[in-house]
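Colleague: here is my input; please provide its structure:
(one chain, ligands or ions: 1)
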Amino acid sequence: MSTSPNLSVSAIPAFNDNYIWCLTVADGRAAVVDPGDPAPVLDALQAQSLTLDTIMITHHHGDHTGGLVALKEATGCRVVGPDNSAIKGIDTVLSDGDSIDILGLSFSVLEVPGHTLDHIAYWGHGALFCGDTLFAGGCGRVFEGTFPMMRASLAKLRALPSDTAVYCAHEYTLANLRFAQAADPENTDLAKRVVHCQRLREQDIPTVPSRLVDELQTNPFLRWDDSAVIAQLAQHNRVTGSQPDDVFAGLRTWKDNF
Ligand SMILES: [Zn+2]
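Modeller: Below is the predicted model:
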């Protein structure tokens, strides 16, 4: 899939439902995002005669970092990622507002804590690589941060241009949309998205990347200020009032037990 004239992005499936995103440019260099497993990455590089230039890490979880050391040893590539000494092998530590050159293209770094405290995202050239923060139809579990912290991170992503392609790290979309329909049952855009994504999965086609505009219309975790979502939460005794952090916390705890 092409996101800009200079950049192509394709999925390398890993484990049960992870996507390792592979960025390539015309000269045959590649970058990969969150290589949890080295083997499928090495296979893809060989099959397409690509040279691994850069590994981009979003956060410390093993299914995102497990292939880092092996790939670095095998290829001599550079590794960029968040400020977390627990991730071994990072050459360039990134923080909020940094610009990083990937394959000759400039990407912006956003700190998006919540799922983990170290989580960062990469945005540029119409593409967002957001790891386990924003999913198609959902968002990551809040393991290390707080609900207000996670909502603030999602608010940063919500503010990006609406034509941004959202490259999350997992194929969780159908399960996320099942919950979304419970939280936002009258949403006709959501109903259409469910049918569309079911068709894709029946053909074993990824539902990712999604478009940010579709997330804004159908993902309840970006709709904490939507009156229908707020009313549905109140009806299920998940929240009283419409304070955004309370609404988000009500949504996330409901989904955790859905
Ligand atoms: Zn994670």
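Colleague: near the ion, which residues of the stretch 1-150 of the chain?
Modeller: 61, 132 (C-beta under 5 Å from the ion). All C-beta spots, glycine's among them, are computed from the backbone N, C-alpha and C.
Colleague: CA atoms only: put stretch 141-158 into CSV for me.
Modeller: Coordinates of each C-alpha in stretch 141-158 appear next as CSV, following Å, rounded to 0.1, in the frame of the first residue of the first chain:
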residue,chain,number,x,y,z
ARG,A,141,-5.5,-1.6,27.4
VAL,A,142,-4.2,0.8,30.0
PHE,A,143,-1.5,-1.3,31.6
GLU,A,144,1.0,1.2,33.0
GLY,A,145,-0.6,4.6,32.8
THR,A,146,-3.9,6.1,33.9
PHE,A,147,-7.1,6.6,32.0
PRO,A,148,-6.7,10.4,31.8
MET,A,149,-3.1,9.8,30.5
MET,A,150,-4.4,7.4,27.8
ARG,A,151,-7.2,9.8,26.8
ALA,A,152,-4.7,12.6,26.4
SER,A,153,-2.5,10.4,24.2
LEU,A,154,-5.5,9.5,22.0
ALA,A,155,-6.5,13.2,21.9
LYS,A,156,-3.1,13.9,20.3
LEU,A,157,-3.7,11.2,17.7
ARG,A,158,-7.3,12.4,17.1
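Colleague: list the contacts of it.
Modeller: Stretch 141-158 is contacted from outside by 110-117, 119, 121, 128, 130, 132-134, 139-140, 212, 216, 221-222, 224, 244-245, 248-249, 252, 256, using C-beta atoms under 8 Å, 6 or more residues apart in numbering.
Colleague: the residue of the stretch 101-250 of the chain found nearest the ion: neighbouring residues, count only.
Modeller: Nearest residue of the stretch 101-250 of the chain to the ion (C-beta to the ion) works out as residue 132 at 3.7 Å. The tally of other residues near residue 132 (other C-beta atoms under 10 Å) stands at 25.
Colleague: contacting residues for the closest residue in space to it that isn't next to it in sequence?
Modeller: Taking C-beta to C-beta, 6 or more residues apart in numbering, and ignoring the residues beside it in sequence, residue 132 has residue 140 as its nearest neighbour in space, at 3.8 Å. Taking C-beta under 8 Å, 6+ apart, we find residue 140 in contact with 114-115, 131-134, 150.
Colleague: restricted to helices, list those residues.
Modeller: Among the contacts of residue 140, the members found in helices (DSSP state H) are residue 150.
Colleague: tell me which two in the contacts of residue 140 are the farthest apart.
Modeller: Comparing all pairs in the contacts of residue 140 by C-beta to C-beta, the longest separation belongs to 131 and 150, at 12.8 Å.
Colleague: shared neighbours, those two?
Modeller: 115, 140.
Colleague: surely residue 170 is in contact with residue 132?
Modeller: Yes. Contact between residue 170 and residue 132 holds when scored by C-beta atoms under 8 Å: they sit 6.9 Å apart.
Colleague: you'd agree residue 85 is in a helix?
Modeller: No. In this structure, residue 85 is coil, not part of a helix, as judged by DSSP: H, G, I helix; E, B strand; the rest coil.
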